[in-house]
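Engineer: Build me a model:
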Amino acid sequence: MKNRFVLSGAKRLALIGLLSALLEGGKLALCTIPNVEIVSMLCALYGYVFGLYGVVSVIIFVGAEVLIWGMGTWVLSYLLYFPLLCFVFMGLARTKNKNRFLFTGIAVCMTVLFGVLTSMVDVGLFSSEKIDFWKRFSIVYVRGITFYVIQTVCNLILFLFAFLPLERILTKLKRKYFST
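Structural biologist: Model prediction:
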């Protein structure tokens with residue numbers, strides 16, 4: 001009985017490590033194409049299929065990103081956004097809803113939120129009291145609008161066509177290898 005508990009713990013640790021590595025590998029595989037990314041969809045999938053293990057893997061992913069790229073304002077944005085994305089899709093999993101348009105709509109809204117969040121963090125961390133926050137925010141946001149649009153369209157396409165097939169695959173793998 002004791003070995004089964006240790007094995008279960010080892011499986012959980014392996015799962016978190018695997019999920020974190022897939023996030024990092026997916027990000028690095030697409031890093032040469034500006035704002036075309038798979039991290040948002042993986043985070044949503046992890047929250048939907050693996051629950052809190054997905055959240056832990058996302059936090060480890062952000063830690064790995066800091067080790068690779070160093071500190072920046074993006075770290076705060078990542079620590080806020082990606083776990084939130086996991087939690088939102090964890091909530092959707094509890095409803096047992098499989099509507100691709102709902103998933104896509106939420107993903108698009110969350111991606112737009114990411115653009116707003118990153119701009120707010122950049123402005124909030126670097127503006128002085130003498131500068132109007134909203135004026136500076138609008139300048140920073142408009143400056144990055146091309147990138148935000150690309151990222152939003154990318155996530156729209158990914159969630160519309162790939163989320164449910166990948167969710168089915170991950171659910172099968174979870175049942176096969178990580179069921180208790």
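
Engineer: Tell me who's in contact with residue 57.
Structural biologist: If a contact means CB atoms under 8 Å, 6 or more residues apart in numbering, then residue 57 has 15-17, 19-20, 23, 46, 50 as its contacts. (C-beta placed from N, C-alpha, C; glycine too.)

Engineer: Among those, which one has the most neighbours?
Structural biologist: When the contacts of residue 57 are compared by neighbour count (other CB atoms under 10 Å), residue 46 ends up highest, at 30 neighbours.

Engineer: now, which of the contacts of residue 57 lie within helices?
Structural biologist: 15-17, 19-20, 23, 46, 50 (DSSP state H).

Engineer: Mind putting these into a markdown table with distance to residue 126 and pLDDT?
Structural biologist: Below are the ones in helices among the contacts of residue 57 laid out as a markdown table (distance: CB to CB, whole Å; pLDDT from 0 to 100):
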| residue | distance to residue 126 | pLDDT |
| --- | --- | --- |
| 15 | 38 | 91 |
| 16 | 34 | 94 |
| 17 | 35 | 94 |
| 19 | 33 | 96 |
| 20 | 30 | 96 |
| 23 | 28 | 97 |
| 46 | 31 | 97 |
| 50 | 36 | 94 |
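
Engineer: Residue 137: which of the contacts of residue 57 is nearest?
Structural biologist: residue 23 (28.6 Å; CB to CB).

Engineer: residues contacting the closest one?
Structural biologist: 39, 42-43, 57-58, 61.

Engineer: for the closest residue to it other than its chain neighbours, phi and psi?
Structural biologist: Once flanking residues are discounted, residue 23 sits nearest to residue 61: 4.1 Å by CB to CB, 6 or more residues apart in numbering. Dihedral angles of residue 61 (phi, psi; degrees, to the nearest 10) stand at phi -60, psi -50.

Engineer: Of the ones in helices among the contacts of residue 57, which is the nearest to residue 163?
Structural biologist: Nearest to residue 163 out of the ones in helices among the contacts of residue 57 is residue 46 (CB to CB; 11.9 Å).
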